[in-house]
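>>> Got a sequence here, can you build the structure:
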Amino acid sequence: MDYRARVVDAELRRALASAGAIVIEGPKACGKTFTARQVAASELRVDTDPRVPPTIAVDPSLLLDGAPPQLLDEWQVQPSLWNHVRRAVDDRQQPGQFILTGSATPDDDAARHSGAGRFARIRMRPMSLLETGHSTGAVSLRALLAGDAIRTLGPDLALPVLIERVLTGGWPGLQGLGPHDASRAVRDYLATIQQVDVGRVAGPRRDPVKVGRVIAGIARNVATEASVVTLARDAAADGEHTERHTVSGYIDVLERLMVVEDQPAWSTHLRSSATLRKSPKRHFVDPSLAAAALRATPETLLADLNFFGLLFESLVIRDLRVYAQAADGAVSHYRDSTGLEVDVVVETGDGRWGAFEVKLGASQIDTAAAGLLRFRDRVDTSRVGEPSVLGVITPSGLGYRRPDGVSVLPIGALGP
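Numbers count the residues shown, from 1 in each chain. Next comes the predicted model:
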């Protein structure tokens, strides 16, 4: 299979030049191993190589003799490797020695060193529209956050195309499949998580049926600030009560498997007397997981455009997370006590920030722009500075800056 360039490629190359070991984390099947193989000189498959368990018991350092950079795939299956990699990095005093890939976060272990100063971490997600070839990348998020104006005519992403993108998702192995076949594959992916991976990571006492209900509950509330109480109510079967702490535990495991990635609330200073809400928005790492959990089809999504609008928002959040990471940025959302909300706030490490609304229809642009301007007036810009960009992200291919200063941004032209 030909390799499709990923946004994290540049981040990985930079990390190899400065850190002794790089940890690439992300959900299964998002392309971590394939990406790492593009730069690795040798590879050890920790989860499948039969030599690993006996060697771990005798002399783990023997496993680290591959040519650098050596790829240690699914390293978390043998968490003790971490300290041996750290020691090898200390001994060799050279950057770019190891690449560790993993699809689950191991339990915290007091015996495992933090790795500070030796390990660089890279988060990898399913492919963005740019990476799957459905965006031109002509509109750079980094440039927008630098204050650049937008003027572009990109491809219109029609509703059937967007639905196909949501159902297929950004999974490299599913590109080229039709939406029905891709949806079936994503349902199988969720079934494996529900029946195998959760128990492997958190112990066999986890109930696969309840895990499935929690996954479906998150899917029904995707891109909303649904509380754990709401999710517990959704996860309850007829006549059965599901404890809040049980649901919290399942969400924690799904986060450790990196299939759930909530969007935190933005914390800032306000000019007004409004107070900030702190609830995160619920998202899977890819909108196809929400669609698959509810067995959505092109027909059912066409019949429920309100729900599809939430899935489209979740797709945009996925892409913005990929692009923001390349700019050393983070993605959050805003809501205050008056009900004013903004779908996305992107803030970089050097203090630049921008705010975005996500709208499926062009008829909603004026309302979204007015909300962004009210939001700007409410933020205390004497403390956080003026926003570099206010934008409405739409499926339309026309990108421009309105007279009021709000930009209209086509998702089919957005890139890092």
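
>>> only C-alpha atoms for contact and neighbour calcs from this point on.
OK.

>>> for the stretch 301-416 of the chain, what spans make up the strands?
Using DSSP state E, counting those that start in this stretch, the strands of the stretch 301-416 of the chain run over 329-335, 341-348, 353-358, 389-394, 398-401, 407-410, 414-415.

>>> Any idea how many residues pack against the closest residue in space to residue 376 that isn't next to it in sequence?
Of all residues not flanking residue 376 in the chain, residue 387 sits nearest, at 7.5 Å (Cα to Cα, 6 or more residues apart in numbering). As a burial measure, residue 387 scores 20 neighbours (other Cα atoms under 10 Å).

>>> Kindly report the same for residue 196.
Here the count is done by other Cα under 10 Å, and residue 196 has 14 residues near it.

>>> for it, what are its contacts?
For residue 196, the contact set (Cα atoms under 8 Å, 6 or more residues apart in numbering) is empty.

>>> the bottom helix or strand of this protein by mean pLDDT?
One helix or strand of the chain scores below all others by mean pLDDT, DSSP states H and E: helix 198-202, with a mean of 85.

>>> The helix or strand following it - contacts with which helices or strands?
Downstream of helix 198-202, the next assigned helix or strand under DSSP states H and E is helix 208-220. Packing partners of helix 208-220 (3 or more Cα pairs under 8 Å, 6 or more residues apart in numbering; DSSP states H and E): helix 228-235, helix 244-256, helix 287-293.

>>> Kindly reformat those helices as JSON lines containing distance to residue 341 and mean neighbour count.
Listed next are those as JSON lines, based on distance: least, Cα to Cα, whole Å; neighbours: other Cα atoms under 10 Å:
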{"stretch": "helix 228-235", "distance to residue 341": "20", "mean neighbour count": "19"}
{"stretch": "helix 244-256", "distance to residue 341": "25", "mean neighbour count": "18"}
{"stretch": "helix 287-293", "distance to residue 341": "21", "mean neighbour count": "26"}
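
>>> Identify whichever of those lies nearest to residue 14.
Judged by Cα to Cα, the one of those that comes nearest to residue 14 is helix 244-256, at 26.0 Å.

>>> how far off helix 228-235 does that closest one point, in degrees?
Here helix 244-256 runs at 90 degrees with respect to helix 228-235, directions being taken by axes from the mean of the first three to the mean of the last three Cα atoms, to 10 degrees.

>>> Do a quick rundown of the strands in the stretch 51-200 of the chain.
Using DSSP E, counting those that start in this stretch, strands in the stretch 51-200 of the chain cover 70-73, 98-102, 119-123, 139-140, 152-153.

>>> comparing these, which gets the lowest mean pLDDT score?
Confidence, taken as mean pLDDT, is least for strand 152-153 of the strands of the stretch 51-200 of the chain (a mean of 92).

>>> returning to that earlier point: dump the helices and strands packed on helix 208-220 into a markdown table; add distance to residue 331 as well.
As requested, the helices and strands packed on helix 208-220 are exported to a markdown table (distance: least, Cα to Cα, whole Å):
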| stretch | distance to residue 331 |
| --- | --- |
| helix 228-235 | 21 |
| helix 244-256 | 17 |
| helix 287-293 | 16 |
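
>>> Relative to residue 15, which of those is closest?
Short answer: helix 244-256, nearest of the helices and strands packed on helix 208-220 by Cα to Cα, at 23.2 Å.

>>> what's next to the closest one, contact-wise?
For helix 244-256, contacts defined as Cα under 8 Å, 6+ apart pick out 104-106, 198, 201-202, 211, 214, 228-229, 231-232, 260-261.

>>> for those, which one is nearest residue 59?
Comparing those against residue 59 with Cα to Cα places residue 106 closest, at 21.6 Å.

>>> Would you mind measuring from the closest one to residue 122?
According to Cα to Cα, to the nearest Å, residue 106 and residue 122 sit 16 Å apart.

>>> Quick check: pLDDT value at the residue nearest the centre of the chain.
Among the residues of the chain, the one closest to the centroid is residue 285, at 4.3 Å (Cα atoms, centre = their mean). Each residue has a pLDDT score; the one for residue 285 is 98.

>>> got a list of what it touches?
With Cα under 8 Å, 6+ apart, residue 285 has these contacts: 27, 125-126, 258-261, 318.

>>> Can you pick out the ones from those that are in helices?
Residues of those located in helices (DSSP state H): residue 318.

>>> Any chance of the contacts of residue 285 in TSV with distance to residue 241, pLDDT and neighbour count as columns?
Below are those laid out as TSV (distance: Cα to Cα, whole Å; pLDDT from 0 to 100; neighbours: other Cα atoms under 10 Å):
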residue	distance to residue 241	pLDDT	neighbour count
27	30	96	23
125	34	98	26
126	35	98	25
258	27	95	22
259	25	97	24
260	23	97	21
261	26	97	19
318	33	98	24
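
>>> can you put the contacts of residue 285 in a markdown table and add distance to residue 291?
Converted to a markdown table, the contacts of residue 285 look like this (distance: Cα to Cα, whole Å):
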| residue | distance to residue 291 |
| --- | --- |
| 27 | 17 |
| 125 | 17 |
| 126 | 15 |
| 258 | 17 |
| 259 | 13 |
| 260 | 14 |
| 261 | 16 |
| 318 | 14 |
